[in-house]
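[1] Give me the fold of what follows.
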Amino acid sequence: MRISKITFALLVMLIITGCGKKQELPEALSSETTTIDGNMGEYYEVVEGSYDLDKYSSGFAFDVKCIKNTPEVSYTKLGIGYEIYDEDGKVVDSKNATLEDIKPLDSYEFLSLEEGEMGKVKVYLNGWPDKLKGAKTFKISINAKGIEESVDTAADNKGAASSSSNNWDTLLDEYEQYCNKLASMSKKALAGDVSVMTEYSSALDQAQRLSDKLENAQGEMTPAQVARLNKIAAKMAQSMM
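    Okay, the predicted model is just below:
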C-alpha cells in the first residue's frame, strides 16, 4: 500500500489557495435532484438542500444518504462526477464519474454507510472559480467497482500485512505531524495571517521528502496501521472543510 505524491500536492495546494483573493462566487449550490446517476445510484441519494461553496478552494462537500445496503465487496475503484447548472439550466462545469484507484489517503467513508445513515462526500471542482460565478444547482453521479473477498483471500491479506516493516509506525508519526502542520497553516491563511507565506517553502520541501519515504517504504501496513492512516486522513480532510 503506497501513498500518492499527487495527494500530497493537493494537500499543499489547499493551503496555498487559502490565501487567494476572494472570488465573486455564489454562496451556495442547491441540489438539482436527490437522485444519483451511475451504478451507485441504487444505494445512495443526495440529501436535498443547499450547500456552501468554498470561496478559498475548489473543494465542494455535500451530504448523501444510504437508501440500500451495498453488496459485501471490497471497493477498489471509485469515480465521482458532477454537473453544475446556472439559473437557466445550462451546464457551466462538469466532470465524468471515471473510475480511479482508491488510495489510502482518499476519504470515502460513505461507502461503509448502513441503510438510513448519512455521510459527507467531497469533490474538487474543475472549473473553480471562473466557471462557477453563475452557478445555482448541481447533480451528482457515482460509479464504483469492487471485488468479493473470500475467507482465503482475507487470510492471505492478513498474512501479508503481518510482514509489514516496522518503519511504517515511524512514517505515520511523521505524516501525522505534517498533516497537523498543514491544518495549522490553513487556519492561519483563512484568518488572513500573511505570515503563513513564509512557511510554504519548507512545507513543500517536507512534503516531497515525506512522499519519497512513503513511496519507498518496504512491506505492507498492518490492519491497525491502515486504520490509523485512514483516521489521520479523515481528520485532515475535516480540517480543510
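[2] Can you show me the strands along the protein?
    Using DSSP state E, the strands of the chain run over 28-31, 44-46, 50-52, 59-66, 74-86, 91-95, 100-101, 118-124, 135-147.
[3] Mean neighbour count, distance to Gly38 and mean pLDDT added to these, as JSON lines?
    No exception for glycine: its C-beta is placed from N, CA and C like everyone else's. Shown next, in JSON lines, are the strands of the chain (neighbours: other Cβ atoms under 10 Å; distance: least, Cβ to Cβ, whole Å; pLDDT from 0 to 100):
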{"stretch": "strand 28-31", "mean neighbour count": "17", "distance to Gly38": "16", "mean pLDDT": "96"}
{"stretch": "strand 44-46", "mean neighbour count": "23", "distance to Gly38": "10", "mean pLDDT": "98"}
{"stretch": "strand 50-52", "mean neighbour count": "14", "distance to Gly38": "19", "mean pLDDT": "96"}
{"stretch": "strand 59-66", "mean neighbour count": "19", "distance to Gly38": "12", "mean pLDDT": "95"}
{"stretch": "strand 74-86", "mean neighbour count": "18", "distance to Gly38": "7", "mean pLDDT": "93"}
{"stretch": "strand 91-95", "mean neighbour count": "16", "distance to Gly38": "12", "mean pLDDT": "95"}
{"stretch": "strand 100-101", "mean neighbour count": "10", "distance to Gly38": "13", "mean pLDDT": "88"}
{"stretch": "strand 118-124", "mean neighbour count": "16", "distance to Gly38": "13", "mean pLDDT": "93"}
{"stretch": "strand 135-147", "mean neighbour count": "19", "distance to Gly38": "4", "mean pLDDT": "93"}
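[4] Now distance to Lys181 too, for these, in CSV please.
    Putting the strands of the chain into CSV (distance: least, Cβ to Cβ, whole Å) gives the following:
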stretch, distance to Lys181
strand 28-31, 30
strand 44-46, 34
strand 50-52, 26
strand 59-66, 19
strand 74-86, 28
strand 91-95, 30
strand 100-101, 27
strand 118-124, 21
strand 135-147, 32
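[5] Please identify which of those is closest to Val226.
    Checking those against Val226 by Cβ to Cβ gives strand 74-86 as the closest, at 12.3 Å.
[6] who are the neighbours of the closest one, in terms of helices and strands?
    strand 91-95, strand 100-101, strand 118-124, strand 135-147 (3 or more Cβ pairs under 8 Å, 6 or more residues apart in numbering; DSSP states H and E).
[7] ok, 6 Å please
    Helices and strands touching strand 74-86, by 3 or more Cβ pairs under 6 Å, 6 or more residues apart in numbering; DSSP states H and E, are strand 91-95, strand 135-147.
[8] which neighbours does it have in its sheet, and in what orientation?
    strand 91-95 (antiparallel), strand 100-101 (antiparallel), strand 135-147 (antiparallel) (DSSP bridges).
[9] Alpha carbons of it, as PDB, please.
    Output in PDB follows, covering the C-alpha atoms of strand 74-86 (Å, rounded to 0.1, in the frame of the first residue of the first chain):
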ATOM      1  CA  SER A  74     -14.100  -4.500  -1.100                       C
ATOM      2  CA  TYR A  75     -14.200  -1.400  -3.300                       C
ATOM      3  CA  THR A  76     -11.000  -0.800  -5.200                       C
ATOM      4  CA  LYS A  77     -12.100   1.800  -7.800                       C
ATOM      5  CA  LEU A  78     -14.400   4.800  -7.500                       C
ATOM      6  CA  GLY A  79     -15.500   7.700  -9.700                       C
ATOM      7  CA  ILE A  80     -17.500  10.800  -8.600                       C
ATOM      8  CA  GLY A  81     -18.800  13.100 -11.300                       C
ATOM      9  CA  TYR A  82     -21.000  16.100 -11.300                       C
ATOM     10  CA  GLU A  83     -22.800  18.700 -13.400                       C
ATOM     11  CA  ILE A  84     -23.300  22.200 -12.200                       C
ATOM     12  CA  TYR A  85     -26.000  24.400 -13.800                       C
ATOM     13  CA  ASP A  86     -26.700  28.100 -14.000                       C
END
